[in-house]
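In: just need the structure, nothing else, for what follows:
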Amino acid sequence: MKKITFVVMAMFLSLTFYPGQSSAATSKKVTPTSLVDQNPNATPEAKVLLQRLDAIDNLDKSDLKASEKKALRKEVRSIKGQLEAMGGYVYVSAGAIILIIILLIVLL
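Out: Numbering: from 1, shown residues only. Predicted coordinates:
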């Protein structure tokens, strides 16, 4: 009797691991899914800040003094902080997504 229950349990377990990737590999159209806006820097202020970052990046820093380099680093940090504040990103980790899904399954 134990042998039959073991075989039945193994059969059901093997059916739960059905490879669903085979149907995904045949589809031609791929649609990206994201929780974040694809173009967060669409405002004119953000474009100006990005242009300033590019100008600083393309600047020849070999002939600058240490104090000037330090000032540029501070400016880059402040610009990046302003861009992050404008972006409004929401970062969700994989563990949090799994936890949310489990909670939804249990509660619903």
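In: touching the helix or strand in which Glu68 is found from outside, list them.
Out: In the assignment (DSSP states H and E), Glu68 maps to helix 66-87. Helix 66-87 is contacted from outside by 40-41, 43, 45-46, 49-50, 52-53, 56, 59, 61, 64, using Cβ atoms under 8 Å, 6 or more residues apart in numbering. Heads up, the C-betas are built off the backbone N, CA and C, glycines and all.
In: what about the residue positioned nearest the centre of the chain, which SS state?
Out: Note on the chain: the residue nearest the mean C-alpha position is Tyr91, at 6.8 Å, using Cα atoms, centre = their mean. Using DSSP: H, G, I helix; E, B strand; the rest coil, the structure places Tyr91 in coil.
In: the chain should start at 48 in everything you say after this.
Out: Shifting the count to begin at 48 puts that one at Tyr138.
In: per-residue confidence for it?
Out: Note on Tyr138: pLDDT of 72.
In: how far away is it from Lys108?
Out: Tyr138 sits at a distance of 32 Å from Lys108 (criterion: Cβ to Cβ, to the nearest Å).
In: which secondary structure element of the protein has the lowest mean pLDDT?
Out: Lowest by mean pLDDT, DSSP states H and E among the helices and strands of the chain is helix 68-73, with a mean of 55.
In: helix or strand right after that helix?
Out: helix 91-105.
In: which of the contacts of helix 113-134 has the weakest pLDDT?
Out: Minimum confidence in the contacts of helix 113-134 sits at Asn88, scoring 48.
In: mind listing what's buried along the helix holding Glu115?
Out: Residues of helix 113-134 classed as buried: Ile126, Leu130 (neighbour count, 16 or more other Cβ atoms under 10 Å).
In: now it and helix 91-105, what's the angle there?
Out: 150 degrees (axes from the mean of the first three to the mean of the last three Cα atoms, to 10 degrees).
In: what separates helix 113-134 from the chain centre, distance-wise?
Out: How far helix 113-134 lies from its chain's middle: 23 Å, per Cα atoms, centre = their mean, to the nearest Å.
In: any idea of the mean pLDDT in that helix?
Out: 89.
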